[in-house]
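Chemist: got a sequence here, can you model it:
(chains A and B, ligands or ions: 2)
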Amino acid sequence: MNYIDSSLKVVGTRPIRPDGVDKVTGRAVFAADTRASGMLWGKVLRSPHAHARIVSIDTTKAAALKGVFAVVSGVDFPEIASEEAFVGEGPMNFRDLSLNCMARDKVLYEGHALAAVAASTQAIADEALALIEVTYEVLPHVIDVEDAMAPGAPVLHADMFTSGVSPKPEKPSNIAKVVTFKKGDVEAGFKEADVIVEGSYTTQPVHQAYIEPHACLASYAPDGQVQIHTSTQGHFMVRAYTAKLLGISMSNIRVNPAEIGGGFGGKTLVYLEPVAVTLSRKSGRSVKMQMTREDVFRASGPTSGAAMTVKIGAKKDGTIVAAQQVLKFQAGAFPGSPIGPGCMCGFAMYDLPNVDVVGYDVVSNRPKVAAYRAPGAPITSFAVESLMDELAIKLGIDALTLREMNAAKNGTKTHYGPVHQNIGFTAVLDAVKSHPHWKSPLKEGHGRGLATGFWFNIGGESSAQVHVNEDGTVTAATGSPDIGGSRASIGMMVAEVLGVPATAVRTIVADTASIGFTFLTGGSRVTFATGMAATQAAEKVVEDLKRRAAQTWDIPVEAVEWKDGMAYPAGSNAGAFEPLDLAALALKAGRTGGPILAEVSVNAQGAGPGFGAHICDVSVDKETGHVKIERYTAIQDVGKAIHPSYVEGQIQGGAAQGIGWALSEEYIYNTKGQMENAGFLDYRVPVASDMPMIEAVLVEVPNPRHPFGARGVGEVPIIPPMAAIANAIRSATGLRMPDLPMSPPKIRAALDAAG
Amino acid sequence: MAKTYVSATINGESAEFLCETQQTLLDVLRDVIGLTGSKEGCGSGDCGACSVIVDDRLVCSCLMLGVEAEGKSITTIEGIANGDTLHPIQQKFLEYAALQCGFCTPGLIVATKALLDENPNPTETEARYWLAGNLCRCTGYDKVIRAVMDVAADMRGETVA
Ligand code: FES
Ligand code: FES
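Modeler: Numbering: from 1, shown residues only, chains lettered A, B, ... in the order given. Ligands and ions are numbered 1, 2, ... in the order given. Sure, this is the predicted structure:
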C-alpha cells in the first residue's frame, strides 16, 4: 500500500525514541560494556613502520608470561585467496581484508596489526605485547596520492596491475584501477563554450571519528559455536567476513549487534572480530577487545584524501556545455577508495550535455580507507562546487541562478547512466531562494557561500518482523543496526499501519540467528528499505487480524474494516459487533490460528536520490586566519520525514562533520610515514563552541517507491559544507582556498600571498 | 601488585573497592564496580564521554586515578535520575532528540548537570564553552544546546518561547 497522500497520525510526529531512556540513564549496553565468564583481554601489536617486510616474529617470551593464554600472528589465520567481496559497503577483497586484520609478510602502514595476545588483565596483555620480538626490514614508503602514482614510487603490492585500462600494464603499480564515465563529446562542448574555468583541488583524509572506539567480545566454544557481540553497522556483514576469513560456516556464528556509538560508514568492515575469535579459539576462553583512540586513528577508517582537477565550459548566458574532471583518490594500503561514487556524484546535480570523468584508485602506506557518509561525494563536490562558484563570478551571474539554470530535473540523463526520476533538486533550490538566510543582507565583513550536493542512496535486502504479543502490545524486529534513531522511524511506520500510537510498538534489532538476512546500515538505506519491509510486515499482520475478526464474527473478511487499531464490521450490513482491538484479538489468537506475526524480506529498489543545498556565512580573522561560521542553513529534499527531529539531526550532524572536514580535520604524517596527530587533541573535530546553530530545512518531495515517500537522508548533508565554506571565504576575502582543510595557517599564508 | 583499599561515596551510596594504583577512576567504575554508563572515547581527557562529578567538580574520570577517589563523593550518569524519575536534563534530551547514537550522552548529561549546578542561567555561548570538552560526532550540537538552554530555563522556573 501507499500512504503518501493519506492523512497520517504517527508518521511525521516527534515521539520519544524507544531506546531513548536507556541512553540518557547509562543503561544502554555498548560493545565494550559487556563481559563474559572467564573473559580475557585481547590486544593487538601494531607496526611502527609505514612499510616493512616482516623478517621474523618471535612470540616465545610473550607466550611464557604468566597470565597470557594465547598469542597469534599471521600464521594462525588461513591464507585467503584473492576474491571480490560484496559483503560490506564499497568494493572489498577477502584476501585484502584478511591481510588488513593481520599482516603476513609485509606491514603496509603504521598501525597495521601483526600479532595479538589474550591475557587475564589489560596490563598483562600490554606487557606481553612488549615481549613480542619482531625483526623488520624497513622499506621505502609513500604517503601522498600523486607521489604514489609517480614512476619509481615504492610499490606496495607486487601483483597489482591497474585494471580498467587496456592493454593490461606490464608492470605493477600503486594504481589499482581507472574508472571513466563519458557522456556526449566533451571536446566539442568546450569548443562551443564562451567561458572556461579550471581549477585544481586537494582534500585530506578525514576520520569518521565516531566517539565509540571499535570493540567486541567473542567466544569460540569447543563445539565450534562462535558468539560475537560487537559494535558494527552490519552484524550479517561481520558474520560473513568472519566466516570467510576464518573458514567457519555461517551457521556456527551468531553475531549480536550491540548499541553502536556512531559509525558513519567506518563500522562497515571487520578489524577486531576475526582476531578475537582466533584468540578465543586458541585460549579456550572468551576474549574482549577494544581499540584505543590512537588505534582508531592509525588503523581504522578514514576516508580518502584526493587530488583533483576540474574544467567547466559555459555559454555567456550561463548554460554549461562541457564538464571534465580528473580524480585521484588515495585508498590506503589496499584498493577500494570510493572512486566510483566520486566519479558519479560531482556533476550529478546538473543537466550537462558533455561530460568526461576519469578516476584513479591509488594505494599508499596509509590505513585502508573505509566508507564515510556518502563516500567520495563530499570530495568530488568540493572541487565541482568551488569551481561553479568561480564560474558564477566570471560570468557575473548569481551563484543560485547559475545552479537553477543548469539544475538536473526529472528526465535528466546522468553522465554515469541512470535517468533522474522523482528528484527534488529544483524544490531544494526554490527553498534556497525563498529562505530568509539567502534573502538577508550580508553583515559587514562576512562572506556568504552556497553549495549543493547529490547522493544516489541505496535500497537492498532487509528483513523485518512484526509480532502482536499475547497482551496485544507490539514488537517490531529488524536486522538493521540502529545508528541514528532508526528504531524510532521503523516503529512509527509500523504503528501507523496498525493504527496504534508510536509508543505501543517496541522496536528492536535482532541478531543474525533471529531474523532474515539484512544488508548493513549504510547508503542511507534503513528507513527506506528496512522501513519498507517493516511496513509490509505490519500490513500482513493487519490482514491476518481482519481475517481473525471475520472468523470470530463469522462474517466474510471483506466485511471487516481495520481502523485506529481495531477491527470493525464494515457498515451495517456486516452485522452489529463490538470492535475488537489488538488485546482482544491477541486473547483469541489460540482459537483463530495461533500466534500473530509476520516476517517480510525485501530487496528494495528505487531508493530515490537526495539533493541538498547549504548556505553559509563566515567571518575571517585576518590576524589569526581563523574562520568563524556565523550562520548556517542546510536545505534538503528528504522525501518524507518519518520522525522530523531525527531527520534534522542527521542534517545537522552531517553539516557539522563537513565543517570539521572543511576547517580543521586532517591526518598529519612525519617523514617516516607515521601519523603525528592520532588523538582528539591534535585531530580537531568540531566542538560545541566552534559551532553555530544549524538550521535544517526539510523539503518533502515524496519518493513514490517508498510506502510513506521516504528517501535516504543521512549522507547528503556532509556533501555541500566544504564548498559552501570555501565559497563563503572567497566572498569574505576574495581568496580561493583550493586545499583542505582551510585551517588558520593556510588562510594566513593565502592572505600573506595576496598581500 | 598489591591493591589499594579505597572508600568513597558513589551516587549517594558508600562504596568500597580494591584497585591497582595505575587504574583510572573510569577503569574502576566500569571494570571493578560495574557502572558502565561512563564511556571511554579516548582515555586522554579529550572527549568527555567519561565525565563524572567529583565533590561538585566536573572531571574526566579517565584522567583521575581510582585511588584518588578516597573520601570523595562521585556522581556518575547512573546517579542522575531520581529512582525511576528522570532528571529534567534527561527528559529534555529525550524531548529534543538531543542524541543519536547516545555514546556521548552520559557525559553530556553529567556535564550539563555540573554546568547548571554552577551557573543556572548560562548564555548560549557559556553553555557551548562549558560543553566544549564533550565531543559529539552525531548531532552537530544544535539540539543538545537547545535542550540545555531550555532545561536551564525550566529549572529556573521560566519558560522559553
Ligand atoms: S574517555 Fe575520558 S575524556 Fe575521553
Ligand atoms: S549522539 Fe553520537 S556522539 Fe553524540
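Chemist: got the phi/psi numbers for residue 131?
Modeler: This is for chain A. Here is the backbone geometry of residue A:131 (degrees, to the nearest 10): phi -90, psi -10.
Chemist: chain B, not that one
Modeler: The phi/psi pair for residue B:131 (degrees, to the nearest 10) is phi -90, psi 10.
Chemist: wait, what's in contact with residue A:425?
Modeler: Each residue near residue A:425 by C-beta atoms under 8 Å, 6 or more residues apart in numbering or on different chains is listed here: A:349, A:407, A:408, A:409, A:452, A:454, A:611, A:637. For every residue, glycine as well, the C-beta is placed using N, CA and C.
Chemist: what's around the nearest residue to it once chain neighbours are set aside, how many residues?
Modeler: Residue nearest to residue A:425 in three dimensions, not counting chain neighbours: residue A:611, with 4.2 Å by C-beta to C-beta, 6 or more residues apart in numbering or on different chains. By other C-beta atoms under 10 Å in any protein chain shown, the residues close to residue A:611 number 29.
Chemist: bridged to residue A:611, which residues?
Modeler: Note on residue A:611: beta-bridge partners residue A:454, judged by DSSP bridges.
Chemist: isn't it up against residue A:428?
Modeler: Yes: taking contacts as C-beta atoms under 8 Å, residue A:611 lies within contact range of residue A:428: 5.1 Å.
Chemist: pull up the overlap in contacts between the two.
Modeler: Contact with both residue A:611 and residue A:428 is made by residues A:452, A:636, A:637, according to C-beta under 8 Å, 6+ apart.
Chemist: follow-up on the earlier one: quick one: which of the contacts of residue A:425 sit in strands?
Modeler: A:452, A:454, A:611, A:637 (DSSP state E).
Chemist: which member of those residues is positioned nearest residue A:624?
Modeler: Taking C-beta to C-beta as the measure, residue A:452 is the one of those closest to residue A:624, at 30.2 Å.
Chemist: show me the contacts for the closest one.
Modeler: Contact analysis of residue A:452 by C-beta under 8 Å, 6+ apart lists A:349, A:381, A:385, A:403, A:425, A:428, A:429, A:611, A:612, A:613, A:614, A:720.
Chemist: and the last one, how close does it get to ligand 2?
Modeler: With distances taken as C-beta to the nearest ligand atom, to the nearest Å, residue A:720 is found 22 Å from ligand 2.
Chemist: run a quick neighbour tally on that residue.
Modeler: Using other C-beta under 10 Å, residue A:720 has 34 other residues around it.
Chemist: and the second one, by the same measure?
Modeler: Burial measure for residue A:381: 31 neighbouring residues, criterion other C-beta under 10 Å.
Chemist: that one contacts residue A:726, correct?
Modeler: No: counting by C-beta under 8 Å, residue A:381 stays clear of residue A:726, with 11.0 Å between them.
Chemist: now the common contact residues for those two.
Modeler: Common contacts of residue A:381 and residue A:726 (C-beta under 8 Å, 6+ apart): residue A:451.
Chemist: could you check how many residues crowd around the nearest residue to residue A:39 once chain neighbours are set aside?
Modeler: Counting by C-beta to C-beta, 6+ apart, residue A:286 is the residue found nearest to residue A:39 once chain neighbours are left out, at 4.6 Å. A count of nearby residues for residue A:286, using other C-beta under 10 Å, gives 24.
Chemist: check the gap between residue A:286 and residue A:120 for me.
Modeler: Distance from residue A:286 to residue A:120, counting by C-beta to C-beta, to the nearest Å: 12 Å.
Chemist: show me whatever sits in contact with both of these two.
Modeler: Common neighbours of residue A:286 and residue A:120, counting by C-beta under 8 Å, 6+ apart, are residue A:40.
Chemist: centre-most residue in chain B?
Modeler: Centroid check for chain B by C-alpha atoms, centre = their mean gives residue B:110 as the closest residue, at 2.6 Å.
Chemist: roughly how far apart are it and residue A:550?
Modeler: 55 Å.
Chemist: and residue A:377, by the same measure?
Modeler: Distance, residue A:377 to residue A:550, by C-beta to C-beta: 51 Å.
Chemist: what are the ranges of the strands in chain B?
Modeler: With DSSP E as the criterion, chain B has strands at B:4-10, B:13-19, B:51-54, B:57-60, B:73-75.
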